[in-house]
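Trainee: Turn this into a model:
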Amino acid sequence: MRASLNLLLWAPCAALMVFLAFLPVDARTQLVTTFLVLLIVATMKYLRMEGASRLVLLALGTSIVLRYVYWRTTSTLPPVNQPSNFIPGLLVYLAEMYSVFMLFLSLFIVSMPLPPRKPYRTLADDELPSVDIFVPSYNEEESLLANTLAAARNIDYPPEKVTVWLLDDGGTEQKRHSTNLLEAKSAEKRHASLQALCQQLGVRYLTRARNEHAKAGNLNNGLQHSTGDLVAVFDADHAPARDFLRETVGYFNDDPRLFLVQTPHFFINPDPVERNLNTFSTMPSENEMFYGIIQRGLDKWNAAFFCGSAAVLRREALNEAEGFSGLSITEDCETALELHSRGWNSIYVDVPLIAGLQPATFASFIGQRSRWAQGMMQIMRFRFPLFKGGLSLAQRLCYMSSTMFWLFPFPRMIFLIAPLCYLFFDRQIFTASGGEFMAYTLSYMLVNLLIQNYLYGSYRWPLISELYEYIQSVHLLPAVVSVAFNPRKPTFKVTAKDESIAESRLSEISRPFFIIFLVLVIAVFVTAYRLYTEPYKFDVTLVVGGWNLLNLVLAGCALGVVAERGERQSSRRVTVNRRGEFAIGDTWYPAMIENVSVNGASIQVFTRDSAPFQRDAPGRMRFQPNGRSEPGELPVDIRHAQHDGDIVTVGCRFLPGTPLHHELVADLIFANSEQWSLFQQARRRNPGVLRGTLRFLVQSIGQTFRGLHYLIRFRMPVEAKKARKGAGR
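Mentor: From the prediction side, this is the model:
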């Protein structure tokens, strides 16, 4: 009934808006109409109107967008008989139409996302299905794998119904018998040490003969050697909480055609943008918009897809599709596309149940995104979702949105270059007056900002998406172009895990950003010169100069992104606040564990006697693990201690030597999934369009100077050294 009422209210409103969008009116009427629509939309947004009102707001906003598209198509393109103007003008037009098309696809997906999913029927232990947990690995450190495997072993599930597998692609026969002696010895050592680790942890170790079809081939090898009803997949750096299986497997009992339960990826460390801009604790992460809004919208259309980790899949469905798909290098989305086309269902559970690591360096971040972009382009070339048989129309549109998104480097770079064509070469790529620009283009941009802030405001702040797209586009554009010409060329490259940057430095791939910034600064001076010498073009030059200035703001902020901050800590700390005890020798003191990382912890010890707490002194910490009746002891050594009244704050390093020790570390960091939700909620707030934009502008100014400071600090000494060598000759 509610859906019918929403449709009855929305449909006539949408029809009226489409009608108004194509009425021929002058610029003044357009400006007045836009002002009224913006006022209504802003009021509705301020009042946080939902339900049918949400659809009315979106209909009003899209009417302005459609009006802009109509005007842009019929009134602004340069004449065809002027190719030097028409060709760049057409490219800008196509880039804008791509953006509008993606906007409408996203509105289709998220206009009315599903509310949080209802709980499934609770199953008794004897009703639970058997589960194989796959942890695929290639070149990760043993300590990282130990924590993930220990967390998987700690999962709250009947032990006789769960088997944890380490699928090791770094110790294959192919690698151990390599003609490269160093590679062969390294693979042999890895093979032996991981076998021993798995034996200690009670985990099955599995490798294969050859490294074929990358991660998909590794997972398929695991399928051939296991028999569980369900398969859970965790990346090597994605450690599950204790309740992961309890929160997911029950859905399979409710729907016999369900092939996938996907959960969000939560990261305990910031990505390079968050770390270098220092926003990790105050601003929602980039991936939260996808997992918090878009995946929920995809779920509404039965199009939530496999994200490679933090998911449970049904073996029967995988067997029907002959395992994980490996035609592209994004086997996760491709596998989901194939199974959706076969009539299987998926659901998305919006509860963070794993904690992972994301790339710490900018170069690794770009490498990861290049793989995603190339893989999605391969899916478009080989599987083209719009014509994929077996999918519903909604699923086709959802998959087209997910794959076409990765074409963003093309329009982003066009928008960067377009104003330079006018300022430097006087190309007339946009035939309109300043008044028309105010009435149409500026209105479209404001409405677009309002719609995005209304839909995603608590998950993505103003101009942050544009920043992420810009910093990726510079390097992703060649990667996407290469797939267009040779779709089989890209190969799977493992993202570096658990990196750290000991000292501040400029990224090794930062040079293009400084060059672009310099060109845009020159363009600002050209704008001022043309405003002075060509007053008859004042309005157009002012508009184009403003466009270039916006690009400069993004480019300046990007300098801060590639200026990588050094970190004293090699791993990210997680706040836990758990009661425990700390021992020096045979004396136990009451203690509170404040925060932990994979390497150590900060503990408040309640005592006035600080003498025993010396650097390198051996100690033990004792606490009650989740799901155990007896407390566990973990050996540590003290790295530093600070005395303050009745408390000694101790920083200590873990010294795990047994499987139980690894399990205790995993319990401290990963067992409690509620802490991830609380952390996300603490930074999800909507600053609004105006305040969010001002905040970004202030951030950009600061990061511009920081990036230039890094350029002088870390580049100038090198140049000076070269000059001294030259003088010496």
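Trainee: Tell me where this structure is predicted with low confidence.
Mentor: The chain contains residues with pLDDT under 70 at 1-25, 49-52, 114, 116-119, 490-500, 568-571, 716-729.
Trainee: Surely residue 164 is within a strand?
Mentor: Yes: per DSSP: H, G, I helix; E, B strand; the rest coil, residue 164 lies within a strand segment.
Trainee: So which other helices or strands are in contact with the helix or strand where residue 665 lies?
Mentor: Using DSSP states H and E, residue 665 sits in helix 659-670. Here helix 659-670 touches helix 142-153, helix 181-201, strand 239-240, strand 354-355, strand 574-584, strand 587-596, strand 632-644, going by 3 or more CB pairs under 8 Å, 6 or more residues apart in numbering; DSSP states H and E. (C-beta placed from N, C-alpha, C; glycine too.)
Trainee: so which of the ones you listed gets nearest residue 422?
Mentor: Evaluated with CB to CB, the helices and strands packed on helix 659-670 place strand 354-355 nearest to residue 422, the distance being 48.6 Å.
Trainee: Which residues does that closest one contact?
Mentor: Residues outside strand 354-355 that contact it (CB atoms under 8 Å, 6 or more residues apart in numbering) are 234, 238-241, 244, 263, 265-268, 309-310, 574, 669-670, 676.
Trainee: Spit out the contact partners of residue 301.
Mentor: So, once contact is read as CB under 8 Å, 6+ apart, residue 301 ends up touching 109, 392, 394-395, 397-398.
Trainee: Residue 303 too?
Mentor: 340, 346, 394-395, 398-399.
Trainee: Not counting its neighbours along the chain, what's nearest residue 122?
Mentor: residue 250 (6.8 Å; CB to CB, 6 or more residues apart in numbering).
Trainee: Isn't the one you found up against residue 120?
Mentor: Yes: shown here, residue 250 and residue 120 form a contact pair, counting by CB atoms under 8 Å, at 3.6 Å.
Trainee: Name the next helix or strand following whichever strand or helix holds residue 528 along the chain.
Mentor: Assigned by DSSP H and E, residue 528 falls within helix 511-533. Later in the chain than helix 511-533, the nearest helix or strand by DSSP H and E is helix 538-562.
Trainee: which residues of the stretch 51-200 of the chain fall in strands?
Mentor: With DSSP state E, counting those that start in this stretch, the ranges of strands along the stretch 51-200 of the chain come out as 131-137, 162-168.
Trainee: so the first one versus helix 142-153, what angle?
Mentor: Using axes from the mean of the first three to the mean of the last three CA atoms, to 10 degrees, the inter-axis angle of strand 131-137 relative to helix 142-153 is 170 degrees.
Trainee: My guess is residue 431 contacts residue 76. True?
Mentor: Yes: when contacts are counted by CB under 8 Å, residue 431 is listed as touching residue 76 (5.4 Å).
Trainee: When these two are compared, which one has more neighbours?
Mentor: Neighbour count, other CB atoms under 10 Å: between residue 431 and residue 76, residue 76 has more, with 20 against 14.
Trainee: tell me the domain ranges of this structure?
Mentor: 125-358, 574-655 (automatic domain parsing).
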